[in-house]
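[1] Need coordinates for the following:
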Amino acid sequence: MKLRILTLFFISVFATFFAAIAFAENNDLIPPPKHAQNRSEVAGLFENKYGFAHYLELSTGIYKSDGLGTNLPKGLSTRDIARLLAPNEDLNLAILVGAKAFPYRLNSYIAIVCFAKDEYEYNKYRSEIKSSEKICDKKSYERDDVVYLGLIEYDSIGYKPKLIANSLKVETGWYFISQRQFRNWNAKFRFPDPTNNALLPNGKFKEFDFAPFQISNTQSAFGLRVGMFQGYSGGGGYYEVLALFIVNNGQIVNILAEPIYFWQDQAGDWNKDGTRQHYLYEGENILVVLPSQTDGYYDLQIKAVDSDWQKTFSWDASLKRYLPSDHTAILNRVLAETLNLRVD
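    From the prediction side, this is the model:
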């Protein structure tokens, strides 16, 4: 009997082991790179307008977008918003305050407040940051800002803003570089722990996303895009996550955070005139709300634009967030990483 149990155990282990290998080796999911004779031609290779705009911003240092709503609606002040979202923080350390109209509730705004950790970091930020780059930064470089998200109500006709959903103090629980279909051999990828409630990635908080993320018959989520640039010799890469939030029992709650877009500029051979050839990799995902439901919440699907890759996420009632429907895939990835297999 003991021998039979031991045999079944090893069969199970090896079956999972080889499944993990197959899972880890599924890496032909990125289109071939587009070639440029020199760096000046790289911008013209982008197919994604959003990625193209971001590449130009990085190249020129001129940031045109105000994705976090720092140009506040008339009558809203930075101190009023900061005081509402983070009453226990030092308002003098606020380095960014933004608010954008929440399209699913009348006279409501999703607000964000970003504080420097201390006075030293505040002064450093004020002296070094590009004045036109309006972002919050959680550990993408040397900064580790203190960030709050909240939902406020405001009517410009003589009313003070009020908090209608307790703010979320943003914590990061995983360091993203790429995902299985966003393959990057220049950086190690650490997969997030699905039991950790802090599933936001390290990076720069770029902009709100108010696409119609209707996750149930009565509730719509809002998005926040978090990006990180990784520079290396001769090129660089940009990786972005879409994080979704809902208001649950009067509290802002993170329910999903998954890679949504990336580009990677790799330098190639040198030309005779001293310029260098470049290769641009680009990958994009879209989020689809499916008609099927789990515990009253619509299933979500992340789909690659340029390949057949897709992954379905279902609501987990115990954790109150979305998790991959294929729990075997999670087990395989954990095993593959434990055995130090390639999982990029």
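
[2] Low-confidence stretches in the stretch 101-250 of the chain?
    By pLDDT under 70, the low-scoring segments of the stretch 101-250 of the chain are 128-133, 158, 173-199.

[3] Strands along that one, start to end?
    For the stretch 101-250 of the chain, the strands defined by DSSP state E, counting those that start in this stretch occupy 108-115, 136-138, 146-153, 162-169, 172-174, 200-201, 203-214, 220-232, 235-248.

[4] Which other helices and strands does the second one contact?
    What it means is strand 136-138. Helices and strands touching strand 136-138, by 3 or more C-beta pairs under 8 Å, 6 or more residues apart in numbering; DSSP states H and E, are strand 108-115, strand 203-214. Any C-beta I mention is one placed from the backbone N, CA and C, and that applies to glycine too.

[5] One more pass at 10 Å, please.
    On a contact count with 3 or more C-beta pairs under 10 Å, 6 or more residues apart in numbering; DSSP states H and E, strand 136-138 meets strand 94-101, strand 108-115, strand 146-153, strand 203-214, strand 220-232.

[6] Break down the protein into its helices, ranges please.
    Using DSSP state H, the helices of the chain run over residues 2-24, 49-60, 78-85, 119-128, 327-338.

[7] hey, least reliable of those helices by pLDDT?
    Mean pLDDT values for the helices of the chain show the minimum at helix 2-24, a mean of 37.

[8] which residue sits closest to Ile110, ignoring its sequence neighbours?
    Distances taken as C-beta to C-beta, 6 or more residues apart in numbering place Phe102 nearest to Ile110, at 5.1 Å, with adjacent residues excluded.

[9] Give me the phi and psi for that neighbour.
    phi -90, psi 110 (degrees, to the nearest 10).

[10] For it, give me its contacts.
    By C-beta atoms under 10 Å, 6 or more residues apart in numbering, Phe102 lies in contact with 108-111, 151-153, 164-165, 208, 210, 220, 222, 247.

[11] out of those, who has the most neighbours?
    Highest neighbour count within those, by other C-beta atoms under 10 Å: Ala111, with 31 neighbours.

[12] who's the residue nearest to Tyr104 when sequence neighbours are not counted bridged to?
    Spatial nearest neighbour of Tyr104, excluding adjacent residues (C-beta to C-beta, 6+ apart): Ser220 at 4.5 Å. For Ser220, the beta-bridge partners under DSSP bridges are Gln214.

[13] what do you get for Tyr239?
    Beta-bridge pairing for Tyr239 (DSSP bridges): Met228, Phe262.

[14] Next, find the distance separating it from Gln214.
    27 Å (C-beta to C-beta, to the nearest Å).

[15] So which of these two has more stuff around it?
    Taking neighbours as other C-beta under 10 Å, Tyr239 and Gln214 compare with Tyr239 leading, 26 against 13.

[16] what about that one, distance to Tyr232?
    13 Å.

[17] The residue lying closest to Phe313 once chain neighbours are set aside: neighbour count?
    With C-beta to C-beta, 6+ apart as the criterion, Phe313 has its nearest non-adjacent residue at 4.1 Å, and that residue is Tyr322. For Tyr322, the neighbour count with other C-beta under 10 Å is 25.
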